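K.L.:
quick one: sequence and predicted model below, then my questions.
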Amino acid sequence: MLSIQDVSVTYGKKSEPAVRNISFEMEQGEIIGIVGESGSGKTTVIRAIMGCLSGQGRVSGGEILFEGKSLTDLSPEEWRRLRGTELSMIFQDSGAMMNPIRKIGSQYAEYLRAHQRMSRKEAWDMGKKMLERMELPDSDRVMRSYPFQLSGGMRQRVGIAMAMTFQPKLLLADEPTSALDVTTQAQIVRQMLDLRGTYRTGILLVTHNLGVAAYMADKILVMKEGCIVEAGSREQVLYRPSHAYTRALIDSVPSMGGVRFV
């Protein structure tokens, strides 16, 4: 479904790429976790796939193929049709990505009508239905709320609901649980796994939390200084790591009673 072939990303006028020679393959329904320290290039990779690199970021080498079609040379109109339908993204703080002076329902309905012909009422009802699937109580109240009136967990569920509305084939998740308390993290993780089970959605997950990666991912990529230093199945990377950096990451996970839960 997704093929990343020797991709490099450069920002501004810098000659040295921030991300270098990234390559991996992803199948439909697969979950791949990307782990590594801050600044290692994890978010840059998924933003390159989504075509939304910040600043003057650009793919300076390699190719990104989605279902055999190159994403590196799409027109703005082609990107508009693809984003939010076949490709969707959950941000680290979904609330921060919403307009703070517009109600959730107004933004949700506008998003739906941008991708599908429907009336405002149809869009409103569709939004409510998706919020209910995300186990948000009183979906009508949520639709009539401003982002700041919702808790972090509720905003994140709204972000997931919007991302999953059109049952995308690929979901890009950038630290979707890092701003949440542990209980809410567990709920969001279970809901994302349910989405994979229901829709066969592939999930590319960026996370600092090795526990989340250990629980969710089929494969794990370890990044350091803009490169993938280790890649393999969850069991291989976590229990038989070959790179010293991977071993250091695992050793940094706190243990309880001598047991490390990754």
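P.N.:
Received, thanks.
K.L.:
please make it C-alpha for all contacts and neighbour counts, starting now.
P.N.:
Noted.
K.L.:
thought Gly62 was touching Ser3, still the case?
P.N.:
No. Using CA atoms under 8 Å, Ser3 makes no contact with Gly62, being 10.6 Å away.
K.L.:
what ranges do the helices span in the chain?
P.N.:
All helices of the chain, identified by DSSP state H, fall at 42-50, 76-82, 104-115, 120-133, 139-143, 152-164, 182-199, 210-216, 234-239, 244-251.
K.L.:
looking at those helices, which is nearest to Ile90?
P.N.:
Closest of those to Ile90 is helix 152-164, at 6.1 Å (criterion: CA to CA).
K.L.:
and the closest one, what's its mean pLDDT?
P.N.:
Averaged over helix 152-164, pLDDT sits at 86.
K.L.:
same check on stretch 183-190?
P.N.:
According to the model, stretch 183-190 has a mean pLDDT of 82.
K.L.:
over to stretch 248-256?
P.N.:
83.
K.L.:
could the helices of the chain go into TSV alongside mean neighbour count and distance to Leu170?
P.N.:
Below are the helices of the chain laid out as TSV (neighbours: other CA atoms under 10 Å; distance: least, CA to CA, whole Å):
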stretch	mean neighbour count	distance to Leu170
helix 42-50	22	10
helix 76-82	13	11
helix 104-115	18	17
helix 120-133	18	18
helix 139-143	19	26
helix 152-164	24	10
helix 182-199	15	10
helix 210-216	19	15
helix 234-239	17	20
helix 244-251	15	26
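K.L.:
tally of neighbours for Ile64?
P.N.:
For Ile64, the count of nearby residues is 23 (other CA atoms under 10 Å).
K.L.:
contact partners for the closest residue to it other than its chain neighbours?
P.N.:
In space, and not counting its chain neighbours, Ile64 is closest to Ile4: 4.8 Å by CA to CA, 6 or more residues apart in numbering. Ile4 sits next to Ile22, Ser23, Phe24, Glu25, Gly62, Glu63, Ile64, Leu65 when contact means CA atoms under 8 Å, 6 or more residues apart in numbering.
K.L.:
state the distance from Ile4 to Leu205.
P.N.:
15 Å (CA to CA, to the nearest Å).
K.L.:
so what's the residue nearest to Ile64 bridging to?
P.N.:
Phe24, Ile64 (DSSP bridges).
K.L.:
residues contacting the residue nearest to Ile49 when sequence neighbours are not counted?
P.N.:
Closest residue to Ile49 apart from its sequence neighbours, by CA to CA, 6+ apart: Ile64 at 6.8 Å. Each residue near Ile64 by CA under 8 Å, 6+ apart is listed here: Leu2, Ser3, Ile4, Gln5, Val7, Ile49, Ser70, Leu71, Thr72.
K.L.:
what about the fifth one, distance to Asp251?
P.N.:
The span separating Val7 from Asp251 equals 30 Å under the rule CA to CA.
K.L.:
now swap in the third one and tell me
P.N.:
Here the criterion is CA to CA. By it, Ile4 lies 29 Å from Asp251.
K.L.:
next: the last one.
P.N.:
Separation of Thr72 from Asp251 (CA to CA) stands at 38 Å.
K.L.:
please apply the same query to the fourth one.
P.N.:
In this structure, Gln5 lies at 31 Å from Asp251, with CA to CA as the measure.
K.L.:
how many neighbours does Gly55 have?
P.N.:
8.
K.L.:
so what's it scoring on pLDDT?
P.N.:
Gly55 is given a pLDDT of 78.
K.L.:
and what of the one 3 residues further on?
P.N.:
According to the per-residue confidence, Arg58 scores 91 in pLDDT.
K.L.:
I'd say it and Lys13 touch.
P.N.:
No. Look at Arg58 against Lys13 with CA under 8 Å: they stay out of range, at 10.4 Å.
K.L.:
please identify which of these two sits among more neighbours.
P.N.:
Taking other CA under 10 Å, Arg58 and Lys13 do not tie; Arg58 has more neighbours (19 against 9).
K.L.:
quick one, what contacts Ser3?
P.N.:
By CA under 8 Å, 6+ apart, the neighbours of Ser3 are Ser23, Phe24, Glu25, Met26, Ile64, Leu65, Phe66, Gly68.
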